[in-house]
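> let's see this in three dimensions:
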Amino acid sequence: ASTTIDVPKGTVGQAAFAQPSGLALDGETLYVADAESNIIRSVALPPVNTVTTLAGGDLFEFGDRDGTGASARLQHPLGVAVYDGEVIIADTYNHKIKRLDPRTGKVWTIAGTGLPGLRDGEGARAQFYEPGGVAVADHMLFVADTNNHAVRTIDLRSSVVSALTLVGLAPPARW
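From the prediction side, this is the model:
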């Protein structure tokens, strides 16, 4: 059974952000990765004009914990994307990709061990090194795996992580 959570909410005039970094839109709601605060927020667009903290701690309450609402812990999330009514999170300093159900506030890991590295395969065994940006096309998540200098993909149906191969792309001759 789906439950709703009691979350901090206020008007856009009352809200303050600490390094908003990633933005994603579902048509009615803008989702924000507020990196320095270690939280994910939603902004209900006009005429509603409210800001809601959906998940995470704050500047001094960071970490790596799946959970619901304020009990979930993120560390410097930089990117967000919307897929199937949920928010995908690049949990940058935890080297993970997480998923958030904005209706319940539940956050869970879909890929990454939490240790920096470069390993493809099943989501729980895959490794990233500070993933920073995410984008969705169809059922595929594209991840800017910042410190691996790579673009990685995650099949959101199977959670399998792979390196993105671009055929015919090469660096300039004088690199």
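
> could you use CA atoms for every contact and neighbour count after this?
Noted.

> give me the beta-bridge partners of Ala55?
Note on Ala55: beta-bridge partners by DSSP bridges are Ile40.

> which residues touch it?
39-41, 68-73, 100, 105-107 (C-alpha atoms under 8 Å, 6 or more residues apart in numbering).

> so which of those sit within strands?
When DSSP state E is applied, these are split such that Ile39, Ile40, Arg41, Thr68, Leu100, Lys106, Val107 fall in strands.

> neighbours of the second one, how many?
Just to be clear, that refers to Ile40. Each residue near Ile40 was counted by other C-alpha atoms under 10 Å, and the total is 29.

> who's in contact with it?
Counting by C-alpha under 8 Å, 6+ apart, Ile40 makes contact with Tyr31, Val32, Ala33, Asp34, Thr53, Leu54, Ala55, Gly56, Pro77.

> please spell out the PyMOL selection for the buried subset of the residues you listed.
To isolate the buried ones among the contacts of Ile40 in PyMOL, judged by 16 or more other C-alpha atoms under 10 Å, type:
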select buried, resi 31+32+33+34+53+54+55+56+77
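
> just to revisit the earlier point, please report which of the contacts of Ala55 has the highest neighbour count.
Among these, the one with the most neighbours (other C-alpha under 10 Å) is Ile39, at 31 neighbours.

> and the gap between Pro46 and Thr11?
Using C-alpha to C-alpha, to the nearest Å, Pro46 is found at 11 Å from Thr11.

> tabulate the ones in strands among the contacts of Ala55 (JSON lines), appending pLDDT.
Formatted as JSON lines, those follow (pLDDT from 0 to 100):
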{"residue": "Ile39", "pLDDT": "96"}
{"residue": "Ile40", "pLDDT": "97"}
{"residue": "Arg41", "pLDDT": "96"}
{"residue": "Thr68", "pLDDT": "97"}
{"residue": "Leu100", "pLDDT": "98"}
{"residue": "Lys106", "pLDDT": "98"}
{"residue": "Val107", "pLDDT": "98"}
